[in-house]
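Undergrad: just the structure for this:
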Amino acid sequence: MTTDDDHSDNVLRSALSRRLRSTSVQLMAGAQRQVTDYLSRFENLTGAYERCLRRLIRQYPDRRADPEFVESFFGTRTLRFAGIDGTMAPKPMYDLLIFFAGAYASEGTVEVAGEDEMVVRYDEKYVNKGIGVSAVLPVFINEVREIDQTILERDENGEIDITVTHTDDWIVDNSAFADYMMGLAEFYLAFRLSERNEYPHILLMDRTLSAELSSFHGETAPERVNLDRESGLIGADAGGRPLTKTDWVYARRLFGNPDLGTPPARGEYLLPRIVSELLSSGPMTREEIMTALDLQGPGWEKRVDKVLKDAIRKNRDIGPVLKRRGERYEAIPQLRGLEDRIRALVDDVCGRIFSEDESILYDRRFKIDGRWLTTVDLAFLSLMSLSLTIQNCWRKHILLVGVAKDSSARDFKRQLVPTLAHVGRLTETLGATDELPDSDRMLFQWMSLREHARLKVPWATIEYDTAFKTIFPHKDGEDGLVSGARRNQISLNKTFVKAYFQLGEGERDPALRSNVMVYDRLVYPGFDDGEEQTLILTHDYGTTHEPVKVVCYCDADSKFQQLIMALFSRMTKKSVPELFGHIKPLFIADKVAKYYYKQFSRLMNSTQTWIATRPELRKLFFYLTTFRERRSEIESTRRSA
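TA: Next up, the predicted model:
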């Protein structure tokens, strides 16, 4: 006999089965539509190689290097290299959240005896002899809000909304503090390696360096953060003087290269460039400043006057950064020696965070005068570590290269090609960008498959300035002019160039290709700033037209790229699946990082077991665990029984 309850159960089961079937149909239909859409995007690239891309791709099937260039840049043909990768883990334990992060380097030697003679050797026993840094921070979950600015809710004015609260699980799942720790570990390790007497000639990092530079710059902008409330670094000792908000703001912009003309005298970099010029040349009048920076044309006098007027006034407790004596302007004394003071700050703070001294507990590592270091502080320290590494690489001729395995960037198809066509350097484009594959990586992956008979591995696109990521053809179509991205700003130029590349193909099937990756490398004066590598664009910046000098190898070959491709093609290996198209130094560094991650996980489990088995902590242990943890433990015990 069927009861009403049985009938209700049947109705529910029927409703659930219909819902599951409906979801399945929607999933299949959606997937088929996406696949069809992507296939049509690929078809839109038919003929693109012959029409456009052939001019923007360089092939290196002979894998040759230029020994004379190697000697002229490095001063030797025996090169040391280091590859850096990191690891991190946020681990909940009772009412605590444990943040762990570290970075590790694999090292080796490259002998460049001739064009075809390049031998790569890897150091051994990385776990025992390799260099690395790591740190661990245990905090109560309710304290994570004090150190992780990324989980804070903000109102329309950017102020922190203290009325918004989150569950412990949400905080554990969304905290980014461990990611920031790992980023700092990697950049601090790169800085330490570049500081050594026996420094590596080639420094490889598993990151897109130009993107990290822009990201950290944005995250530490005083317009985005309240340094009084959200930073523990302000007031810290920086070379014998406390770090001020003015130091913070200008340390982010002043560390350029005069030989490359950076920071550039344009856009939001105009004041930092003026300050840099006054620091190096002494007091100047407005006319002398304009002459020194070659600021000519309508609107420049009025614009420079406004910048100088703002610079001699205090703004939101920042500045002034210039003083005026009669008609002459000079930089404030506080900014002299700022690089050395920042170097001392990084050495002190990061030295304590990653110290191997077991007597230095977490409060001394992650607090300064009782104030927590926050994600904003870690971003600033990462930016400073990267900036100081860049300075060391320029001074010592260290080739700094970042490599990204997966990239969703779209600047090649959306900005570079249209801009080159707009200024007359290309006769044809790829077509409507919204009808092409979503990312540059997928575009080149398909192109390599389609044109495998003509496109031999290894190959790479031309090296082009990463400032192109923020350059577009003029918004109103004006011939010869370009516009910037957000707020019409163009990012830092003549600092990094980037290129997409592909290293490997199958032994039996040449159409089977490795993944397309991207690298960016530092720009070097005397090697990347010749007329044949420089493209001068004209930026419509309101009342003035600004010249923007960018590095672009569209009509020249790059000796750096030739060396990088010859080296990378010898660092990959078809017989190892994880190394097919990847490079071994970063692969080894990743394996070492994962080894330390496993060791840390075991240590965490041992600590948790020790706490749980202590008789005097038994009651406390019960109240420290969450309901979800207790339920999970009970269910695990029931299953094992």
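
Undergrad: just the pLDDT for the residue nearest to residue 325 when sequence neighbours are not counted.
TA: In space, and not counting its chain neighbours, residue 325 is closest to residue 283: 6.9 Å by CB to CB, 6 or more residues apart in numbering. Quick note: C-beta positions are derived from backbone N, CA and C, even for glycine. If you check residue 283, the pLDDT there is 96.

Undergrad: same thing with the one 4 residues further on?
TA: As predicted, residue 287 sits at a pLDDT of 96.

Undergrad: okay, now it: neighbour count?
TA: The local packing of residue 287 (other CB atoms under 10 Å) involves 11 other residues.

Undergrad: name the residues that touch the helix or strand harbouring it?
TA: In this structure, residue 287 sits in helix 286-292 according to DSSP states H and E. Helix 286-292 is contacted by residues 274, 277-278, 281, 284, 295-296, 300-301, 304-305, 308, 327, 329 when judged by CB atoms under 8 Å, 6 or more residues apart in numbering.

Undergrad: would you mark the buried spots in that helix?
TA: Under the neighbour-count criterion of 16 or more other CB atoms under 10 Å, helix 286-292 has 286, 288-290, 292 buried.

Undergrad: let me know the closest of those residues to residue 144.
TA: Closest to residue 144 out of the buried residues of helix 286-292 is residue 289 (47.3 Å), distances taken as CB to CB.

Undergrad: rewinding a little: so among the contacts of helix 286-292, which ones count as buried?
TA: Buried residues within the contacts of helix 286-292, counting neighbours by 16+ other CB under 10 Å: 274, 277-278, 284, 295, 300, 304, 308, 329.

Undergrad: how close does the residue most central in space within the chain get to residue 314?
TA: The C-alpha lying nearest the average C-alpha coordinate of the chain belongs to residue 212 (CA atoms, centre = their mean; 2.3 Å). Computed with CB to CB, to the nearest Å, the distance linking residue 212 and residue 314 is 31 Å.

Undergrad: what's the answer for residue 402, then?
TA: Distance from residue 402 to residue 314, by CB to CB: 38 Å.

Undergrad: neighbour-wise, which of these two wins?
TA: Legend: neighbour count by other CB under 10 Å for residue 402 and residue 314, higher for residue 402 (24 against 10).

Undergrad: A strand includes that one, no?
TA: Yes - looking at residue 402 with DSSP: H, G, I helix; E, B strand; the rest coil, it is inside a strand.

Undergrad: leaving out the residues flanking it, which one is nearest to it?
TA: For residue 402, ignoring the flanking residues on the chain, the nearest one in space by CB to CB, 6+ apart is residue 209 at 3.7 Å.

Undergrad: what about residue 348, which SS state?
TA: Following three-state DSSP, the label given to residue 348 is helix.

Undergrad: hang on, isn't it packed against residue 237?
TA: Yes - assessed by CB atoms under 8 Å, residue 348 is found in contact with residue 237 at 6.6 Å.

Undergrad: and the pLDDT for residue 629?
TA: Residue 629 is assigned a predicted lDDT (pLDDT) of 58.

Undergrad: try residue 165
TA: 74.

Undergrad: can you get me a residue count around it?
TA: Applying other CB under 10 Å, we find 10 residues neighbouring residue 165.

Undergrad: show me what residue 132 is bridged to.
TA: Note on residue 132: beta-bridge partners by DSSP bridges are residue 104.

Undergrad: show me the contacts for it.
TA: Residues counted as contacts of residue 132 (CB under 8 Å, 6+ apart) are 102-105, 189, 592, 596.

Undergrad: can you redo those as JSON lines with neighbour count, distance to residue 408 and pLDDT?
TA: Below are the contacts of residue 132 laid out as JSON lines (neighbours: other CB atoms under 10 Å; distance: CB to CB, whole Å; pLDDT from 0 to 100):
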{"residue": "102", "neighbour count": "25", "distance to residue 408": "27", "pLDDT": "95"}
{"residue": "103", "neighbour count": "31", "distance to residue 408": "24", "pLDDT": "96"}
{"residue": "104", "neighbour count": "28", "distance to residue 408": "26", "pLDDT": "95"}
{"residue": "105", "neighbour count": "29", "distance to residue 408": "27", "pLDDT": "95"}
{"residue": "189", "neighbour count": "28", "distance to residue 408": "26", "pLDDT": "97"}
{"residue": "592", "neighbour count": "21", "distance to residue 408": "27", "pLDDT": "90"}
{"residue": "596", "neighbour count": "19", "distance to residue 408": "29", "pLDDT": "88"}
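
Undergrad: among those residues, which one lies nearest to residue 203?
TA: The closest of those to residue 203 turns out to be residue 105 (CB to CB; 9.1 Å).

Undergrad: was I right about the closest one contacting residue 189?
TA: Yes - in terms of CB under 8 Å, residue 105 counts as a neighbour of residue 189; the distance is 6.2 Å.

Undergrad: separation between the nearest residue to residue 48 once chain neighbours are set aside and residue 500?
TA: In this structure, residue 48 finds its nearest non-sequential neighbour in residue 430, 5.4 Å apart by CB to CB, 6+ apart. For residue 430, the distance to residue 500 equals 14 Å [CB to CB].

Undergrad: neighbour count for the two, which is higher?
TA: Legend: neighbour count by other CB under 10 Å for residue 430 and residue 500, higher for residue 500 (24 against 21).

Undergrad: assign the more buried one to helix, strand or coil.
TA: For residue 500, the assignment made with three-state DSSP gives strand.

Undergrad: and it, what does it touch?
TA: Taking CB under 8 Å, 6+ apart as the test, what residue 500 contacts is 412, 440-441, 444, 460-461, 516-518.

Undergrad: ok, 10 Å please
TA: By CB atoms under 10 Å, 6 or more residues apart in numbering, the contact set of residue 500 is 56-57, 404, 407, 409, 412, 440-441, 443-445, 448, 459-462, 516-519.

Undergrad: ok, of those residues, which come out buried?
TA: Using 16+ other CB under 10 Å as the burial test, those include 56-57, 404, 407, 409, 412, 440-441, 443-445, 448, 459-462, 516-519 as buried.

Undergrad: among the residues you listed, name the ones in helices.
TA: Among the buried ones among the contacts of residue 500, the members found in helices (DSSP state H) are 440-441, 443-445, 448.

Undergrad: now flag whichever of these is closest to residue 98.
TA: residue 441 (35.1 Å).

Undergrad: ok so, going back, which one of the ones in helices among the buried ones among the contacts of residue 500 is nearest residue 334?
TA: Residue 334 lies nearest to residue 440 out of these, by CB to CB, at 43.3 Å.

Undergrad: pretty sure that closest one contacts residue 414?
TA: Yes - between residue 440 and residue 414 there is a contact at 8.6 Å, judged by CB atoms under 10 Å.

Undergrad: give me the mean pLDDT for the lengthiest helix in the chain.
TA: When the chain is parsed with DSSP H, its longest helix is helix 4-43. Average pLDDT, helix 4-43: 74.

Undergrad: which parts of that helix are buried?
TA: Buried residues in helix 4-43, counted by 16+ other CB under 10 Å: 41-42.

Undergrad: just stretch 91-105 next, same as before
TA: Buried residues in stretch 91-105 (16+ other CB under 10 Å): 91-94, 97-105.

Undergrad: farthest-separated two in these?
TA: Greatest spatial distance among those (CB to CB): 94 and 105, at 34.4 Å.

Undergrad: neighbours of residue 588, just the number please.
TA: Neighbour count of residue 588, defined by other CB under 10 Å: 22.
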